[in-house]
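S.K.: Return atomic coordinates for the entry below.
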Amino acid sequence: MQTTDKGRVDKWLWHARFFKTRGLASKLVTGGHVRVNGNRISKGSVMVGPGDTLTFLQARRIRVIEITAIGLRRGPAPEAQTLYKDLTPVEEKPEPTAEIERKGRPTKKDRRTARLLRGSYLD
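M.R.: Residues are numbered from 1 along each chain as shown. Predicted structure coming up:
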């Protein structure tokens, strides 16, 4: 699975399936949105290897990844997941709030529920 100790960061991000195309990975790197071991990089030709830590934004979420291997190809997802260890902290999702469905004119029951949610319902 690995023959070299180092590889290009843009190619590695594509091999590990963080981005759909290598062009997208390259665009993120050249835009200066990737950090390798805490240092901002702006070239896709920066060499990375096992033990390096990558920090980048993906889907409105900051990802922190430790590289464990350099892949030879862009294989299936289970193979790609063996290339890294995810160090991203788990986000706490807020509890869902009750919402009113807005479908036309509200019924009397909908109005009562809305008042209860707003806290303006007096008994």
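S.K.: which ones are touching residue 50?
M.R.: Each residue near residue 50 by CB atoms under 8 Å, 6 or more residues apart in numbering is listed here: 5, 67, 68, 69, 70. C-beta here means a position set from N, CA and C on the backbone, and glycine is covered the same way.
S.K.: try 10 Å this time
M.R.: By CB atoms under 10 Å, 6 or more residues apart in numbering, residue 50 lies in contact with 2, 5, 6, 66, 67, 68, 69, 70, 83, 84.
S.K.: for residue 36, same thing?
M.R.: 9, 29, 46, 47, 48, 52, 53, 54, 55, 56, 67.
S.K.: Apply 7 Å and report the result again.
M.R.: Shown in contact with residue 36 (CB atoms under 7 Å, 6 or more residues apart in numbering): 9, 46, 48, 52, 54.
S.K.: Filter the residues you listed down to just the ones in strands.
M.R.: Residues of the contacts of residue 36 located in strands (DSSP state E): 48, 54.
S.K.: Out of the contacts of residue 36, who's the most crowded?
M.R.: residue 9 (25 neighbours; other CB atoms under 10 Å).
S.K.: wait, that one sits on residue 45?
M.R.: No: contact criterion CB atoms under 7 Å: residue 9 and residue 45 do not qualify, at 8.0 Å.
S.K.: what kind of secondary structure is residue 91 in?
M.R.: Three-state call for residue 91 (DSSP: H, G, I helix; E, B strand; the rest coil): coil.
S.K.: What sits closest to it if chain neighbours are left out?
M.R.: Distances taken as CB to CB, 6 or more residues apart in numbering put residue 61 closest to residue 91, at 7.4 Å, once the chain neighbours are dropped.
S.K.: Now do the one you found against residue 39, distance only.
M.R.: From residue 61 across to residue 39, the span is 21 Å (CB to CB, to the nearest Å).
S.K.: Same question for residue 54.
M.R.: Residue 54 is 11 Å from residue 39, by CB to CB.
S.K.: hmm, back to that, dump the contacts of residue 36 into JSON lines; add distance to residue 92 and pLDDT as well.
M.R.: JSON lines is the format used below for these (distance: CB to CB, whole Å; pLDDT from 0 to 100):
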{"residue": "9", "distance to residue 92": "30", "pLDDT": "95"}
{"residue": "46", "distance to residue 92": "33", "pLDDT": "94"}
{"residue": "48", "distance to residue 92": "30", "pLDDT": "96"}
{"residue": "52", "distance to residue 92": "28", "pLDDT": "95"}
{"residue": "54", "distance to residue 92": "24", "pLDDT": "96"}
